[in-house]
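S.K.: no FASTA, just this:
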């Protein structure tokens, strides 16, 4: 059990970190990449300088070194990893969640190469709320 002074000290340390971290979730993957570059530039230079940008390589490098990150960078990396997990979970459910919408709105569309997602994106106003939310969460539409 901590004393009230210990709790106040912990709050004094944590509150600036919470309020200095960027708000999550960002809307697009590019915004996560920009937040990573902005908040982690020093960490990238010291811990991941030889890692090529793109395809999540910097995020993976920083995540692998999470105990060495600055608090601000650590918050961005943690939020980005959490959002990536949500996107992957949504991606795994797109077919099931959007199946009825695709059958109703995309008759004759040949599946593959993003054809059904493009069809559902064009029909956004007629697609079910649940399917729209899943597509957005999975970062499948602009």
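M.R.: Ah, there it is. Because the structure is predicted, anything quoted here is derived from the model rather than measured.
S.K.: beyond the helix or strand bottoming out on mean pLDDT in the chain, next helix or strand please.
M.R.: Lowest mean confidence among the helices and strands of the chain (mean pLDDT, DSSP states H and E): helix 4-20, at a mean of 36. Under the assignment DSSP states H and E, the closest C-terminal helix or strand after helix 4-20 is helix 29-47.
S.K.: list the buried ones in that following helix?
M.R.: Burial within helix 29-47, assessed by neighbour count using 16 or more other Cβ atoms under 10 Å, is assigned to 32-33, 35-36, 39-40, 43-44, 47. C-beta coordinates here come from the backbone N, C-alpha and C atoms, glycine included.
S.K.: can you pull up the most central residue in this structure?
M.R.: Nearest to the geometric centre of the chain sits residue 83, at 3.1 Å (Cα atoms, centre = their mean).
S.K.: may I ask you to name the longest helix in this protein?
M.R.: The helix spanning the most residues in the chain, taking DSSP state H as the definition, is helix 71-105.
S.K.: where are the low-confidence patches of the chain?
M.R.: Residues of the chain meeting the criterion pLDDT under 70: 1-27, 142.
S.K.: now do 50
M.R.: Confidence mapping of the chain against pLDDT under 50 gives the ranges 1-26.
S.K.: tell me the phi and psi of residue 140?
M.R.: Phi and psi for residue 140, reported as degrees, to the nearest 10, are phi -100, psi 0.
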